[in-house]
Structures are given as structure tokens and as C-alpha cells.
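1. Sharing a model prediction with you, sequence too.
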Amino acid sequence: MDLLRQGRAVTHTQRHMLIAEGEFVLAVTEGALGATPAVFYDLFRVQDGKLAEHWDVIADKPADLPHANGPF
């Protein structure tokens, strides 16, 4: 799926967490998917100094939450 061709460019504006353990790195950021505020969770597996695998979750950033913990 090519988000840019769909007019839904990904923009990262703030990094909240970058966690690494062993061969895994998790990046938690926020920004926008097109014009919609979004949160991004990207998990990478590194092998021999190169990115071997990538998984991600992209979600609309909620305007309100039922708790005070925030989305991050």
C-alpha cells in the first residue's frame, strides 16, 4: 500500500519513545497521516546491522480518552 499515492503522506512531528533491547527497536511517535493527527508504533528487528523486519501500527490520535494516561 503506497500511502503517498493515496494522498495520505506520513509526517512525524514528535518522538515520544525509542526503546531497544536485543535485536528489536520500538519507536513511538506522533504526527499526521494526510491531514489526520495520528500516532505511530514501529517495531524493527535488526540483523547484522541492517533492518531485517518491520511491523507498524498507525492509529488516529484520539481527541479525548476515557482515562488521563494519554496515548503514549
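-> Good, I have the coordinates.

2. How is Y41 assigned, secondary-structure-wise?
-> strand (DSSP: H, G, I helix; E, B strand; the rest coil).

3. Not including adjacent chain positions, what is the nearest residue to it?
-> V57 (4.4 Å; Cβ to Cβ, 6 or more residues apart in numbering). C-beta coordinates here come from the backbone N, C-alpha and C atoms, glycine included.

4. same thing with L33?
-> In space, L33 comes closest to R8 once its chain neighbours are excluded; the distance is 5.4 Å by Cβ to Cβ, 6+ apart.

5. Can you pull the poorly scored residue ranges out of this structure?
-> 1, 3-4 (pLDDT under 70).

6. can we see that at 90?
-> Low-confidence segments of the chain, defined by pLDDT under 90: 1-10, 34-35, 62-65, 67-72.

7. V10 pairs with what?
-> L33 (DSSP bridges).

8. Just give me the neighbour total for it.
-> 15 (other Cβ atoms under 10 Å).

9. Distance check, the residue nearest to Y41 against F24.
-> Per Cβ to Cβ, to the nearest Å, V57 is found 15 Å from F24.

10. Please apply the same query to D42.
-> 11 Å.

11. where's V28, which helix or strand?
-> Assigned by DSSP states H and E, V28 belongs to strand 24-33.
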